[in-house]
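Asks: model this:
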Amino acid sequence: MTTSYQVYLVGGAVRDALLELPVKDHDWVVTGATPEQLEAKGYQQVGKQFPVFLHPKSKEEYALARKEKKQGQGYTGFICDFSPDIRLEEDLERRDLTINAIAQNQDGVLIDPFHGQQDLHDRLLRHVSDAFVEDPLRVLRVARFAARFHDFGFTVAPDTLSLMQKISASGELSTLSAERIWKELEKALNTRHASVFFSVLKQANALDKLFPQFLWEDNQASANTLHQVEFTPAQRWAILCKQTPMAALTQLHQRLRSPNQFKILTEQTRSFLEDQRIPMDSAAWENWLTSVNAIKKPQPFVLLIEVLSHLTNSKMKDWQDLRNAVATINAAPLIKQGLGGAELGQALKKARTEALDKTLSPLIN
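Replies: You can find the predicted model right below:
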């Protein structure tokens, strides 16, 4: 690039470096350039509404500095101005939080017009400007950052929380697509403090609007346990949904268009809590093991019983022993006896039930 261009590292990469966290993605802002000038250098445009370009070698994102003007509803209702005379400070001003509005030039000098470094020091999630209220997605983003940085002691600034409540009251949360809501939720579920995400949404009066079928237990002991145990995002979702009735849960998953791995594990967890009662006899265990496809799908079953053993305060080994007992039984000997069809199914069921009778642990029976 010629000297007329200025390139700045911005956003999460600067923030995470200042927090001494690993930097995974680098986002760049370019001032004093046009789309044609970048394309002439081999950059590939990927943004439709505003110019975002991929570097010809690194494939990292380079965005032209831009300003936004609210014209319609929702997070897409903006008109962007990306003329070459837009200053870096104007680009930073449109960002959500001060800790995400710090830039670094090519000499390593930080540009921090909104005092993001001070808010990093004070562990504060604070909005950059009152334009914060123009984008309803920011309610979810702030809640997600609160979950991600909970271990650092970050809290939401009171005036920022007030603006989040203002967004909730405006009705604009209803303009968010299921895909965008799920994307932010899944990022929160990738943190060990996913419960904080819902706590902040509740404080912002947004929880019932974004997740109307979700019955969440705001319980500090439960949140601490969720934090202390290493679960997958899908397992965290299953645990967080433990109080949500099955009928409401299926509606919630339809509304959010949840991926199957989250949907199936969570609904199997809720189904057990809703329909089964420990202790159970061998016939009931055989029915349940069959219903969750324990034999044919051992890996999803392990995820399920890790959640259920946690929620029922039982031993993981007891659940594994139940599956092992029925997994050793196959149809081959019964077929040799001439059994088939319904008779074969009944004989298999009987053999598995008898094996479970011998296996049931006093702790789980």
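
Asks: switch to C-alpha atoms for all contacts and neighbour counts from now on
Replies: Will do.

Asks: Relative to residue 81, how far out is residue 32?
Replies: 13 Å (CA to CA, to the nearest Å).

Asks: Determine the three-state secondary structure at residue 62.
Replies: Reducing the assignment at residue 62 to three states with DSSP: H, G, I helix; E, B strand; the rest coil gives strand.

Asks: Identify the residue nearest the geometric centre of this structure.
Replies: For the chain, the residue nearest the mean C-alpha position is residue 186 (1.4 Å; CA atoms, centre = their mean).

Asks: how much space between the residue lying closest to it once chain neighbours are set aside and residue 39?
Replies: Closest residue in space to residue 186, ignoring its immediate chain neighbours: residue 233 at 7.1 Å, by CA to CA, 6 or more residues apart in numbering. For residue 233, the distance to residue 39 (CA to CA) stands at 39 Å.

Asks: do the same with residue 20
Replies: The span separating residue 20 from residue 39 equals 34 Å under the rule CA to CA.

Asks: who's in contact with residue 82?
Replies: Contact partners of residue 82, counting by CA atoms under 8 Å, 6 or more residues apart in numbering, are 50, 51, 64, 65, 66, 67.

Asks: Wait, the second one touches residue 35, no?
Replies: Yep, that's residue 51 we're talking about. Yes: with contact defined as CA atoms under 8 Å, residue 51 counts as touching residue 35 (6.8 Å).

Asks: that older thread, residue 20 and residue 39 - which one has more neighbours?
Replies: When neighbours are counted by other CA atoms under 10 Å, residue 20 and residue 39 differ, and residue 39 comes out ahead with 15 against 9.

Asks: in a helix, that's where that one is, yeah?
Replies: Yes: assessed by three-state DSSP, residue 39 belongs to a helix.

Asks: mind listing what it touches?
Replies: With contacts defined as CA under 8 Å, 6+ apart, residue 39 is in contact with residue 45.

Asks: try residue 320
Replies: Residue 320 makes contacts with 302, 305, as judged by CA under 8 Å, 6+ apart.

Asks: How far away from the center of its chain is the helix or strand where it lies?
Replies: Here residue 320 is covered by helix 316-327, with elements defined by DSSP states H and E. Relative to its chain's centre, helix 316-327 lies at 31 Å (CA atoms, centre = their mean, to the nearest Å).

Asks: Ok, stretch 157-171 next?
Replies: 22 Å.

Asks: Give me the mean pLDDT for it.
Replies: Taken as a whole, stretch 157-171 carries a mean pLDDT of 98.

Asks: Domain-wise, how is the protein divided?
Replies: In the domain annotation for the chain, the residue ranges read 1-121, 123-275 (automatic domain parsing).

Asks: Which of those comes out lowest on mean pLDDT?
Replies: Here the lowest mean pLDDT among these goes to domain 1-121, at a mean of 88.

Asks: The residue nearest to residue 186: how many residues sit nearby?
Replies: Going by other CA under 10 Å, the residues that sit close to residue 233 add up to 20.

Asks: quick one, what contacts it?
Replies: 186, 189, 190, 191.

Asks: Export those residues as TSV, with columns for secondary structure and distance to residue 211.
Replies: Below are these laid out as TSV (DSSP: H, G, I helix; E, B strand; the rest coil; distance: CA to CA, whole Å):
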residue	secondary structure	distance to residue 211
186	helix	14
189	helix	15
190	coil	18
191	coil	19
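
Asks: before we move on, back to that, any chance of JSON lines for the domains of the chain, columns distance to residue 358?
Replies: Putting those into JSON lines (distance: least, CA to CA, whole Å) gives the following:
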{"stretch": "domain 1-121", "distance to residue 358": "51"}
{"stretch": "domain 123-275", "distance to residue 358": "23"}
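
Asks: Can you tell me what sits against the longest helix belonging to the chain?
Replies: In terms of residue count, the longest helix belonging to the chain (DSSP state H) is helix 341-359. Applying CA under 8 Å, 6+ apart, the external contacts of helix 341-359 come out as 281-283, 285-286, 321-322, 325-326, 329-331, 334-335.

Asks: just the buried members of those residues?
Replies: With neighbours counted using 16 or more other CA atoms under 10 Å, the contacts of helix 341-359 contain these buried positions: 282, 283, 285, 286, 322, 325, 326, 334.

Asks: If we only consider the residues you listed, which is nearest to residue 300?
Replies: Minimum separation from residue 300 among the buried ones among the contacts of helix 341-359 (CA to CA) is found for residue 322, which lies at 15.2 Å.

Asks: Now do the contacts for residue 107.
Replies: Here residue 107 is in contact with no residues (criterion: CA under 8 Å, 6+ apart).

Asks: That one and residue 8, how far apart?
Replies: The spacing between residue 107 and residue 8, counted by CA to CA, is 10 Å.

Asks: For the residue nearest to residue 212 when sequence neighbours are not counted, which residues are in contact?
Replies: Take residue 212 and drop its neighbours on the chain: the residue closest to it by CA to CA, 6+ apart is residue 252, 7.7 Å away. Taking CA under 8 Å, 6+ apart, we find residue 252 in contact with 211, 212, 213, 214.
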